[in-house]
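Peer 1: structural data only, the sequence is not supplied:
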DNA sequence: ATCCTAACGGCACCGAGTGCCACTCTCAAT
DNA sequence: ATTGAGAGTGGCACTCGGTGCCGTTAGGAT
C-alpha cells in the first residue's frame, strides 16, 4: 500500500496483452472451426503455444476467452459516468449507452463472430446476459445516486436504466442481424430520444403505497 | 403418432413430482447448512436416497435443484399472456408481471432462502439473471406481436417489457430485503401504474433513422 | 554478469455432467 | 397366474473444466 507494486520481473504489461490476444485469437479460430463445446481448453492452449495452466491465468473460464474484455469495458463505462456529473442524469446514461455501442462498432467483424457464437452456445448466451446485466446495474446505481432524495428514486433509476439498456440491446441486435449494415448510431440516438421523452413523464409520486419504509438489507 | 403415447410402465407423474420435491428439499437443506459450492451432487443424491445418476435425470444441473420450477412458471406466464388477447397489450403484460410476483409471495420462506443463496453464489446469480431474461423475452415477444404494424414495434416492445420487468424486480428485491414484510403487491401495482403512464407517451415515430429496413435474420 | 522474482507449465486432483448398460418393477396382455 | 415389454433406476467409467501445488525458467533490475 506504501508504494506502487512495481513488478521486479516477469511479463511486462505489453507482453501480457500480447499473449492474451494470441490466446483469444486462437480460441476464436478454433471455436469458429470446430464449435465452442467441441473445442477443449487443451486444444486452445496448444494452438496458442501456451500451457493449459497458463490459459487459466489469462482467462477465468473458457467462456472468458470470448468475452475477455468485458470487465475493462465495464470499468471504462463506469469511469465515463463518474466524470459526467455535470450533465443531467439520464442523458449521461444515454451517452454511456452510446459509448457501449461504439465498442461494438469499432470492430464489426469480431462483433459478428461473437454474435454468431452466442446465438448457438447456451453458456455463452448466459455470459452475455450477465454482462448486459452488469451494465444495467452500473446505470441503475448511477441513476439511483443522482436521483437520491427524490421520490421513488430507486424504482425510477431501475426502470430508466432498464429502458436505456433495452433500447441499446434492441438496436445492437438489429444491427448485428443486418450483418453490420444498419446505421446503428443513428438508430440508437433516435431510440434514446424516445426513452428520454418517456422517462420525463414519470409521475412525481406513486401514491401512498410507495411511502412505506424501503427496508435496510438484512441478509 | 396414431394414438396417445400411453405409458405402459414406470413412474406416475405424481411419483415423479414427489421425488423431485424430495431431492430439491434435500438439496436446499444441504446448501443452507454447508453452502452451495461445498455441497456435492453425491451428497444431495445420498441425502435424498437416490442415485447420483438419477439426480441428473430430475435436474439438468446442480443449480437447477434451486430453480427447478422455472420452466413451469415461465410456461404458465406464457399461457396467461396467450389467453389475454382481449385486453390491451401493456396492461396484459403488467398482469403477467403481477402473476410472477405472486409465485414468490406464495411461499415467502422459500423465496427468502433462494434469495440468500443467489446473493452469494455467482453461478446461481447467473441462473437467476437468465431466468429474468426469459420472462423479459416472453414479454417482449408478446408485445412485439401485439404492436405489429405500428411504428417502432420491436423497439417499443423491448423497452416496455424491460421497464415492466425492471419495476417487478425492483419491488421484488425490496420485498426480499425487507424480509418479506413490505406490501409487495401494492407497491408493484403502483409501480406498474407509473410504467403504463410513461409508456403511453412514446412518440408516434422516432424520425427517419428508424425507417430503414429492419433486416431479416441472416445468421 | 548476477540476482531475484514473477510467470510458466506440468502434475495431480476434484467435481459436474454424460453415455452405457444391466437390473428391476410395474403394468398390460394372454 | 404367467409372461413380456418398457420405463425408470443406479452404478460404472469417462470427459473435461477448473484449481492447488511446485520445481523450473526467463527476463528485468542492479
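Peer 2: Perfect, thanks for sending it. Please read all numbers here as calculations on a predicted model, not as lab measurements.
Peer 1: for stretch A:32-45, buried residues please.
Peer 2: Residues of stretch A:32-45 classed as buried: A:36, A:39, A:44, A:45 (neighbour count, 16 or more other Cβ atoms under 10 Å in any protein chain shown). Heads up, the C-betas are built off the backbone N, CA and C, glycines and all.
Peer 1: so the first one: helix, strand or coil?
Peer 2: Of the three states, residue A:36 takes coil under DSSP: H, G, I helix; E, B strand; the rest coil.
Peer 1: need phi/psi at the residue in chain A positioned nearest to DNA strand C.
Peer 2: At 2.4 Å from DNA strand C, residue A:51 is the closest residue in chain A, using Cβ to the nearest atom of the strand. Dihedral pair for residue A:51: phi -70, psi 150, per degrees, to the nearest 10.
Peer 1: list the contacts for it?
Peer 2: Taking Cβ atoms under 8 Å, 6 or more residues apart in numbering or on different chains as the criterion, residue A:51 is in contact with residue A:45.
Peer 1: ok, residue A:194 next?
Peer 2: Contacts of residue A:194 (Cβ under 8 Å, 6+ apart): A:167, B:152, B:155, B:159, B:202, B:203, B:206.
Peer 1: and the helices in chain A?
Peer 2: In chain A, the helices defined using DSSP state H lie at A:13-34, A:41-48, A:52-58, A:70-82, A:89-105, A:108-120, A:122-147, A:153-177, A:184-199.
Peer 1: pLDDT (mean, whole number) over the shortest one?
Peer 2: By that I understand helix A:52-58. Helix A:52-58 carries an average pLDDT of 97.
Peer 1: tell me which residues in that helix are buried?
Peer 2: Buried residues in helix A:52-58 (16+ other Cβ under 10 Å): A:55, A:58.
Peer 1: then the fifth one?
Peer 2: For helix A:89-105, the buried set under the neighbour-count rule, 16+ other Cβ under 10 Å, comprises A:89, A:90, A:92, A:93, A:94, A:95, A:96, A:97, A:98, A:100, A:101, A:104.
Peer 1: and if you look at the first one?
Peer 2: By neighbour count, and taking 16+ other Cβ under 10 Å as the criterion, the buried residues in helix A:13-34 are A:19, A:20, A:23, A:24, A:26, A:27, A:28, A:30, A:31.
Peer 1: for the fifth one, give me its contacts.
Peer 2: In other words, residue A:26. A:44, A:47, A:48.
Peer 1: then the fourth one?
Peer 2: Shown in contact with residue A:24 (Cβ under 8 Å, 6+ apart): A:59, A:65, A:66, A:68.
Peer 1: wouldn't the first one be in contact with residue A:65 here?
Peer 2: Yes. Distance between residue A:59 and residue A:65: 4.9 Å, which falls inside the contact criterion (Cβ atoms under 8 Å).
Peer 1: what touches both of those two?
Peer 2: With Cβ under 8 Å, 6+ apart as the test, residue A:59 and residue A:65 both reach A:23, A:24.
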